[in-house]
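Engineer: I'd like to go over a predicted model; first the sequence, then the structure.
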Amino acid sequence: MSGPVFQEEILGYRDKFARLRLLDATLREGEQTPGVSFTIDQKIDIAKKLDELGVHMIEAGHPAVAPDVKEAVSRIAAMKRDGEIRAEIVAHSRAVKSDIDVAADVEPDRIAIFYGVSDIHLKSKHRKSREEALQIIGEMVEYAKSYGVKVRFTAEDASRADVEYLEEVVRTARDAGADRVSLADTVGVLTPWTAKRFFEHMVQRVPNVEYDIHVHNDLGMAVATAFGAVMGGATVVHVTVNGLGERVGIVPLQTFAVAVKVHFDVDLVNLSKLMEITRMVERYSGLEVPYNAPVIGDYAFIHKAGVHVAGILADPRTYEAFPPELIGRSRDYVIDKYTGKKAVKAKLEKLGIRLSDDELLKVLEEIKRSNVKFLTDDTLVTIAEKVTGRVLKPRVTENLEAIVWIKVDSNAFTSSVARKLSSIEGVREVAEITGDYDLLVKVVSPDHAFLNSVLDSIRNVKGVESTHTQIVLKKIEK
Ligand SMILES: CC(=O)SCCNC(=O)CCNC(=O)[C@H](O)C(C)(C)COP(=O)(O)OP(=O)(O)OC[C@H]1O[C@@H](n2cnc3c(N)ncnc32)[C@H](O)[C@@H]1OP(=O)(O)O
Ligand SMILES: O=C(O)CCC(=O)C(=O)O
Ligand SMILES: [Mg+2]
């Protein structure tokens, strides 16, 4: 037995997860993230990539918001009609005729009409009674249906609505022609248990309509709540790439898809393409994924404590919930004062250096005294040489030197990029500079092949927007 305890408690729900579909709302909810504004071309790139991944629905935007939003939804909907995209294209709309007209104009597959149904929303925002709201919802769903499109009704703030009233709302929307209803946990106050109960209740009380869960991550519960909702009967989960969205966003596509794979062995999307879309949306949104984000964060597979690294070296399952290869990533470990002998031994052996146990202990002592935060391979070898008094690694013949000028993405932290660059083997110096470029890197290499691999590594560092390389021909030593 090596899986999670009591796993049988959820395995009975596997069929529900196997039938589940994802709606990606990066282009609508994701663009509601502060500071995010995609260009039309970027939206088209994202839509294509989402389609390649295999998401079932793309919520492409709210066409009444602005001319460029309308144009983007219109072009994505046209790509769907031309067979370039398979996913269903959804246009968002308030429950007002003018919004619905603009949404219908772009010819989406579906119009999603939202209306706040909690007393808080009805009273303060809409200034409508419950009865007036039912009337508006029925009329607007019918109005959208008259355009011949599929209609989803979104009960905004459903998780804080009066449940009996919500039943009436959903019946009204269903009877007016909505085949799907999104029950939105707009401020993220459901839990996995209440979400399961909520969806079970609604499926039982108002059948003959399919339910979506849209859940915000205000209390860090979004992925777990979405699990509960699916167990209770939701058949579509709303996600965004990198978890973008209002405030702290909604369910991150990547985490949710991997969690479903890990627990149910169900591939909701092509997992091997997840990192491509992660990087694309980081670039286009200007928002870097936090280093500690589950699944996609930089440190998701970086181990540190000696006990952990020793475990990982023996069997990666000791400290990994799932193998990084599942999403095309790899594992690594950090050398610093938390390191143990096994980690140092493995790192040095990777560099072709074998030391006696006694020597390894001395290297370790030196590392623990140094208090360096990220010990590079070069420094490790230098320490090993100092401790043993031997030349352990043939010194690179420093006959090829290059200067690399680097522009850093406007939203990346220059010093964080500099730190990453300085740990690349072959990189000798990194300087933050003023002027047209942000960083200046000195690379020393024995040959062109190695230089090329160093340049590739530099270009692959997150935050490096562009590079300009010059080879040093001649130096005047003073
Ligand atoms: C939880 C969610 O994320 S739902 C999605 C929210 N999406 C958006 O807000 C898209 C971006 N919004 C916008 O570009 C603008 O707010 C627009 C174009 C929608 C409306 O702009 P304006 O007409 O200037 O209205 P404004 O934003 O000041 O206020 C919202 C108005 O819409 C009304 N409204 C809000 N939600 C709805 C709804 N679901 N159905 C009908 N009317 C609504 C409000 O009551 C308010 O009306 P009021 O002026 O009579 O009080
Ligand atoms: O349309 C939806 O399903 C959700 C609307 C929304 O963004 C929300 O309620 O947070
Ligand atoms: Mg939302």
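Structural biologist: Here it is on my side, so go on. Numbers count the residues shown, from 1 in each chain. Ligands and ions are numbered 1, 2, ... in the order given.
Engineer: so where's the chain shaky on pLDDT?
Structural biologist: The model of the chain has pLDDT under 70 over residues 1, 394-398, 477-478.
Engineer: Around ligand 1, which positions in it sit nearby?
Structural biologist: 32, 62, 64-65, 94-96, 114-115, 125-126, 156, 186, 246 (C-beta under 6 Å from any ligand atom). Yep, even glycine has a C-beta here, placed from its N, CA and C like the rest.
Engineer: restrict those residues to contacts with ligand 2.
Structural biologist: 114, 156, 186.
Engineer: So which of those belong to strands?
Structural biologist: In strands, defined here by DSSP state E, the members of those are 114, 156.
Engineer: Tabulate the ones next to ligand 2 among the residues of the chain next to ligand 1 in JSON lines, adding columns for neighbour count.
Structural biologist: Below are these laid out as JSON lines (neighbours: other C-beta atoms under 10 Å):
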{"residue": "114", "neighbour count": "23"}
{"residue": "156", "neighbour count": "22"}
{"residue": "186", "neighbour count": "22"}
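Engineer: Can you get me a residue count around residue 209?
Structural biologist: Neighbourhood size, residue 209 [other C-beta atoms under 10 Å]: 18.
Engineer: Can you pull the phi/psi pair for it?
Structural biologist: For residue 209, the backbone dihedrals (degrees, to the nearest 10) come out as phi -150, psi 150.
Engineer: For it, give me its contacts.
Structural biologist: When contacts are counted by C-beta atoms under 8 Å, 6 or more residues apart in numbering, residue 209 touches 170, 173-174, 178-181.
Engineer: let's go with 6 Å and repeat that
Structural biologist: By C-beta atoms under 6 Å, 6 or more residues apart in numbering, the residues touching residue 209 are 174, 181.
Engineer: Then residue 136?
Structural biologist: Contacts for residue 136 were tallied using C-beta under 6 Å, 6+ apart; they are residue 95.
Engineer: so it is in which element?
Structural biologist: Counting by DSSP states H and E, the element that carries residue 136 is helix 130-145.
Engineer: List the buried residues for that helix?
Structural biologist: Buried residues in helix 130-145, counting neighbours by 16 or more other C-beta atoms under 10 Å, are found at 130, 133-134, 136-138, 140-141, 143-145.
Engineer: Tabulate these (CSV), appending distance to residue 405.
Structural biologist: Listed next are those as CSV, based on distance: C-beta to C-beta, whole Å:
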residue, distance to residue 405
130, 63
133, 59
134, 63
136, 59
137, 58
138, 62
140, 56
141, 57
143, 58
144, 54
145, 58
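Engineer: ok, back up a step: how far does the helix holding residue 136 sit from the chain's center?
Structural biologist: From the chain centre to the centre of helix 130-145 is a distance of 36 Å (C-alpha atoms, centre = their mean, to the nearest Å).
Engineer: shouldn't residue 109 be in contact with residue 89?
Structural biologist: Yes - taking C-beta atoms under 6 Å as the definition, residue 109 is a contact partner of residue 89 at 5.0 Å.
Engineer: Let me know the helix or strand that the nearest residue to residue 268 once chain neighbours are set aside is in.
Structural biologist: Excluding its sequence neighbours, the residue lying closest to residue 268 (C-beta to C-beta, 6 or more residues apart in numbering) is residue 257, at 4.9 Å. Using DSSP H and E, residue 257 sits in helix 253-264.
Engineer: Contacts for that helix next, please.
Structural biologist: 14, 17, 223, 239, 241, 266, 268-269, 274, 294-296, 322.
Engineer: Looking at neighbours, which among these is most surrounded?
Structural biologist: Neighbour max across these (other C-beta under 10 Å) = residue 239, 33 neighbours.
Engineer: Quickly note the distance from that one to residue 420.
Structural biologist: Distance of residue 239 to residue 420, given as C-beta to C-beta, to the nearest Å: 28 Å.
Engineer: Adding secondary structure as columns, could you present the contacts of helix 253-264 in TSV?
Structural biologist: TSV is the format used below for the contacts of helix 253-264 (DSSP: H, G, I helix; E, B strand; the rest coil):
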residue	secondary structure
14	helix
17	helix
223	helix
239	strand
241	helix
266	coil
268	coil
269	coil
274	helix
294	coil
295	coil
296	coil
322	coil
